[in-house]
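Chemist: from the sequence below, what's the structure:
(one chain, ligands or ions: 1)
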Amino acid sequence: EGPIDSSKTPDDIPDKPLPLLPEFEWVTVDINNSEELEDVYQLLYNHYVEDSDATFRFKYSHEFFKWSLKPPGWLKEWHVGVRVKATGKLVAFIAAVPTHLKLNSSGKNIPSVEINFLCIHKKLRGKRLAPVLIKEINRRVNKRDIWQALYTGGVVLPSPVSTCRYTHRPINWSKLYDVGFSHLPANQTKASMLAYYSLPPNTKTEGLRPMTLKDLDATFDLFVKFQSRYTLVPDYSKDEFAHWTLGSVDGAKSNVIRTFVVEDAATGKITDFFSYYLLPFTVLDNPHHDELGIAYLFYYASESGFDTGSKEKLDQYKLRLKSLINDALITAKADDVDVFNCLTSQDNPLFIEECKFGAGDGYLNYYLFNYKTLPIPGGIDSKTKEVTHSQGSGIGVVLF
Ligand SMILES: Cc1c(C(=O)c2nccn2C)oc2cccc(OCCCNCc3cccnc3)c12
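Modeler: Next up, the predicted model:
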């Protein structure tokens, strides 16, 4: 376990990017510039990942990009674009953000980046541009003496470190049915589906409330302790944790990240927290709906997960998770979410069935570039791909 190639230093890395076709040029995108951010928004709005039958397309907002692309330590040079020289049109994009990973199996902290938002204009597909973009972002990252990268993808590249499965929990079943995402099982009626997925208006966990900056220290400590459950985890600083849970620390309310804490009334301690990010889908050519509200489970932790050695402790933890996630569904409904998504990563397999998540047909592969490690269980059976309900996964990192 360890770096595959650890021989290089930044001086060995070329100063120049790889050559592009003559009509294109490399650019660094300044997402603090609203016009350039709009270029990225438009490129991804029209050309980024769709679902298999092109019914939906990710609808990343300006605010989402500012949150996901500007964590502590972010570098403008890692927001890489390709423009048409003659017109300035942005036709490709790829981004890296700094992160700190830890493999609990060895306790090793791995300075690395998360690579995301690789997008190439539909008209430029098949020109072998993706490998050139990946080589360029790696060059810029290596120049900063970082040699590992974490990225996810639907397509299977050589040897993923883990594979997780998409799961979905309908909140607004009738809208999902209207847009063709949910179907009516043969022996069911619409009324029975609505009843099955109905949720109470109020949350149930005593002491549940939105996280504020005052909760940062206690919630961060809870998060760090809880992470030891998994194999591959983020090894965040408090600043990084604040960014990912609160969005900006200037107190402005985020429309993208939602984080809730549970404060024990007797002791005033923070015993649990959960978070989810809001990332809608554009619904392509549907007469009744043009957008799908989606929440993606993000990080969570619970004191009840500190010791799950015995059966009753594990059952208590499962019960607590079920209650917390059920409350996440209820708060997400208030955020106009139509479907709540989570992967089979983290300890999600422990609540997926009981909170009525259904396994989807999508899989997400995790890749750890330039780092050899044993494969990590992704919460599904490697042969049947069914969710392993009795145990969690070893993946504690969540990407967008
Ligand atoms: C995407 C996604 C979807 C859907 O496609 C979807 N939900 C409702 C309707 N649809 C069509 O469902 C999920 C469940 C868990 C995690 C997910 O995504 C995890 C994060 C994925 N990052 C974006 C991405 C996707 C594919 C390849 N690279 C990056 C998803």
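
Chemist: contacts and neighbour counts: CA atoms only from here.
Modeler: OK.

Chemist: tell me the secondary structure at Phe274.
Modeler: strand (DSSP: H, G, I helix; E, B strand; the rest coil).

Chemist: what's around it, how many residues?
Modeler: Residue neighbour count, defined by other CA atoms under 10 Å, stands at 25 for Phe274.

Chemist: quick one: secondary structure of Thr308?
Modeler: When the rule is three-state DSSP, Thr308 gets the label coil.

Chemist: ok, it to Tyr151 distance?
Modeler: Here Thr308 is placed at a distance of 30 Å from Tyr151 (CA to CA, to the nearest Å).

Chemist: of the two, give the one with the bigger neighbour count.
Modeler: In this view Thr308 and Tyr151 are compared by other CA under 10 Å, and Tyr151 has more residues nearby, 18 against 15.

Chemist: direction included, what does the helix or strand that the more buried one is a member of pair against?
Modeler: Element membership of Tyr151 [criterion: DSSP states H and E] is strand 148-153. Within its sheet, strand 148-153 is paired with strand 108-120 (parallel), strand 358-369 (antiparallel), according to DSSP bridges.

Chemist: what ranges does the stretch 151-300 of the chain have for its helices?
Modeler: The residue ranges that make up the helices of the stretch 151-300 of the chain, judged by DSSP state H, counting those that start in this stretch, are 173-178, 190-197, 216-227, 238-246.

Chemist: counting contacts, what elements does the last one pack onto?
Modeler: Read that as helix 238-246. Helices and strands touching helix 238-246, as assessed by 3 or more CA pairs under 8 Å, 6 or more residues apart in numbering; DSSP states H and E, comprise helix 216-227, strand 257-263.

Chemist: what angle sits between that helix and strand 257-263?
Modeler: Counting by axes from the mean of the first three to the mean of the last three CA atoms, to 10 degrees, helix 238-246 lies at 100 degrees to strand 257-263.

Chemist: returning to what we had before: closest one to the ligand among the helices and strands packed on helix 238-246?
Modeler: When the helices and strands packed on helix 238-246 are ranked by distance to the ligand, counting by CA to the nearest ligand atom, first place goes to strand 257-263 at 14.3 Å.

Chemist: which parts of the stretch 51-200 of the chain are strands?
Modeler: 56-58, 79-84, 90-103, 108-120, 148-153, 162-170 (DSSP state E, counting those that start in this stretch).

Chemist: rank the ones you listed by mean pLDDT and give me the bottom one.
Modeler: The weakest mean pLDDT among the strands of the stretch 51-200 of the chain belongs to strand 56-58, with a mean of 88.

Chemist: burial of Ile294, as a residue count?
Modeler: Ile294 has 24 neighbours, counted by other CA under 10 Å.

Chemist: distance of it from the ligand?
Modeler: With distances defined as CA to the nearest ligand atom, to the nearest Å, the gap from Ile294 to the ligand amounts to 7 Å.

Chemist: run through the bridge partners of that residue.
Modeler: Ile294 forms beta bridges with Val339, as assigned by DSSP bridges.

Chemist: any idea how far it is from Lys123?
Modeler: Shown here: Ile294 relative to Lys123, a distance of 29 Å by CA to CA.

Chemist: about what we covered before: please identify the most buried of the helices of the stretch 151-300 of the chain.
Modeler: Each of the helices of the stretch 151-300 of the chain was scored by mean neighbour count; the highest is helix 238-246, a mean of 21, by mean count of other CA atoms under 10 Å.

Chemist: tell me which residues are up against that helix.
Modeler: Counting contacts by CA atoms under 8 Å, 6 or more residues apart in numbering, the residues outside helix 238-246 that touch it are 67, 71-72, 211-213, 216-217, 220, 248-249, 254, 257-259, 275.

Chemist: thank you, goodbye.
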